[in-house]
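S.K.: sequence below, structure please.
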Amino acid sequence: MITIEQLITRIEQRQPIINKAEIDTEELCQPFSSVGSLTTASQQQLSFLADPHYISSLSSSDAGAVLVTEAYRDQVPTSAIALVVSNPYLAYASASQLFARHSLSNGIHPSAVIADSAVIGEQVNIGPFCVIGDNVQIGARSALDAHVVVEANTSIGTDCVIKSQVVVGPECVIGNYVRLHAGASIGSEGFGFAPTKDPSTTGWERIAQLGRVIIGDHVRVGSQTCIDRGAIDDTVIGNHVIIDNLVQVAHNVRIGDGTAIAAQTGIAGSTTIGKRCIIGGAVGITGHIEITDDVVLSGMTMVTKSIKTAGSYSSGTAAMPTANWRRAAVRFRQLGNN
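M.R.: Numbers count the residues shown, from 1 in each chain. Model prediction:
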């Protein structure tokens, strides 16, 4: 169970609780088991109002405590404790981490295969059937679930969480507080080939990928996402980058601090993406271009040229009735003939 006092401590790592002085000692000790929506929460659950569209559910909520802005604190029922913040959604995100279930594994499982030259920090958990290569370094308090492979000469920072079936290639550098989710591939061979005179008979000449993947601090990489090692220089992921499931980051890509990338996005090689960008689902980005800081790409956008001005960009076509789409497609083709 998590008390109001613990919730306040966690939330105030990001923002102040505006009415903290009004919460008495008894309320600070009130326990909570989880988070619930305004309509379903019980007295032992925390809830929040982040969207004014749900204001009608606030006054009748049975939640034991509610995260709200100053504008709505008077509508919190008397049975609940109001926790007043400037950003309830951010406060909910902070509080939710206190209720997350954590792995019960502890120490190094006897089935793990660890090279004698590997350096394992204090309080590191290594699960069943992990393979840790030569000269690997794993920082304190990091946790590797079952069947993780870390190849030779790779460095993993402190307080990292690496879920099952993740493969980290050789010579990669992973920062602190990084989360790699199940099945992610970090540092695999980039897609580099030179055509011969006739690839149909003599094939393609493979280009050895000699660079690394370097991942900064506080990075999240989703399940089945692939980040390829550089061909010559490194593939670099900045600090505080969050990447969804099923994303392809090709060789020599550079992603700036604080950028967020949604599922099924593909980023071709040697592209540079700036800081604080937001990239929607199924976006395609061609190679050897630059995208400046603070760019938003809506879902299914196709980027074929550099973007030098911050702002929002779109190219995906929203769904419409099939007959209307066919007529629009005909007109679009006709425009190309003019």
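
S.K.: ranges for the helices of the stretch 101-250 of the chain?
M.R.: In the stretch 101-250 of the chain, helices defined by DSSP state H, counting those that start in this stretch lie at 199-202, listed in chain order.

S.K.: just checking, residue 270 touches residue 287?
M.R.: Yes - at 5.4 Å, residue 270 counts as touching residue 287 under the criterion of C-beta atoms under 8 Å. C-beta here means a position set from N, CA and C on the backbone, and glycine is covered the same way.

S.K.: who has more neighbours out of these two?
M.R.: Using other C-beta atoms under 10 Å as the criterion, residue 270 and residue 287 rank with residue 270 on top: 20 against 13.

S.K.: SS state for the more buried one?
M.R.: coil (DSSP: H, G, I helix; E, B strand; the rest coil).

S.K.: could you find the closest non-adjacent residue to it?
M.R.: residue 252 (4.4 Å; C-beta to C-beta, 6 or more residues apart in numbering).

S.K.: likewise residue 33?
M.R.: residue 44 (4.7 Å).

S.K.: list the contacts for the one you found?
M.R.: With contact set as C-beta atoms under 8 Å, 6 or more residues apart in numbering, residue 44 has these partners: 1, 31-34, 64.

S.K.: distance of it relative to residue 330?
M.R.: 60 Å (C-beta to C-beta, to the nearest Å).

S.K.: next, count neighbours for the closest residue in space to residue 181 that isn't next to it in sequence.
M.R.: Spatial nearest neighbour of residue 181, chain neighbours left out: residue 223 (4.4 Å); criterion: C-beta to C-beta, 6+ apart. Neighbour count for residue 223, taken as other C-beta under 10 Å: 17.

S.K.: equivalent analysis for residue 171, please.
M.R.: For residue 171, using other C-beta under 10 Å, the count is 19.

S.K.: poorly predicted segments of the protein, please.
M.R.: 103-105, 338 (pLDDT under 70).

S.K.: list the contacts for the most centrally placed residue in it?
M.R.: The residue lying closest to the centre of the chain (C-alpha atoms, centre = their mean) is residue 242, at 3.0 Å. Neighbouring residues of residue 242 by C-beta under 8 Å, 6+ apart: 219-220, 259-261.

S.K.: do that again at 10 Å, thanks
M.R.: Contact analysis of residue 242 by C-beta atoms under 10 Å, 6 or more residues apart in numbering lists 179, 218-222, 258-262.

S.K.: test my guess that residue 65 contacts residue 80.
M.R.: Yes - Residue 65 is within contact range of residue 80, at 5.8 Å (criterion: C-beta atoms under 10 Å).

S.K.: identify the contacts common to those two.
M.R.: 41, 43, 46-47.

S.K.: count of residues packed around residue 273?
M.R.: As a measure of burial, residue 273 has 27 neighbours, counting by other C-beta under 10 Å.

S.K.: quick check: phi and psi at it.
M.R.: Per-residue torsions, residue 273: phi -120, psi 130 (degrees, to the nearest 10).

S.K.: surely residue 238 and residue 275 touch.
M.R.: Yes - if you go by C-beta under 10 Å, residue 238 and residue 275 touch, sitting 7.2 Å apart.

S.K.: what about these two, which has more around it?
M.R.: It is residue 238, of residue 238 and residue 275, that has more neighbours when counted by other C-beta under 10 Å, with 21 against 17.

S.K.: quote the end-to-end distance of stretch 94-111.
M.R.: Taking C-alpha to C-alpha, to the nearest Å as the measure, stretch 94-111 stretches 36 Å from start to finish.

S.K.: how about stretch 219-233?
M.R.: 21 Å.

S.K.: now it: how far from the chain's centre is it?
M.R.: Taking C-alpha atoms, centre = their mean, to the nearest Å, one finds stretch 219-233 lying 12 Å from the centre of the chain it belongs to.

S.K.: could you do stretch 182-195 as well?
M.R.: So, by C-alpha atoms, centre = their mean, the centroid of stretch 182-195 is 20 Å from its chain's centroid.

S.K.: surely residue 43 is in contact with residue 34?
M.R.: No - counting by C-beta under 10 Å, residue 43 sits too far from residue 34 to count as a contact (11.9 Å).

S.K.: in contact with residue 160, which residues?
M.R.: Counted by C-beta under 10 Å, 6+ apart, residue 160 has contacts 124, 138-144, 174-180, 215, 217, 219.

S.K.: can you do 7 Å?
M.R.: Neighbouring residues of residue 160 by C-beta atoms under 7 Å, 6 or more residues apart in numbering: 139, 142, 174, 177-178.

S.K.: would you turn those residues into a markdown table with distance to residue 118?
M.R.: As requested, those are exported to a markdown table (distance: C-beta to C-beta, whole Å):
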| residue | distance to residue 118 |
| --- | --- |
| 139 | 12 |
| 142 | 13 |
| 174 | 14 |
| 177 | 21 |
| 178 | 18 |
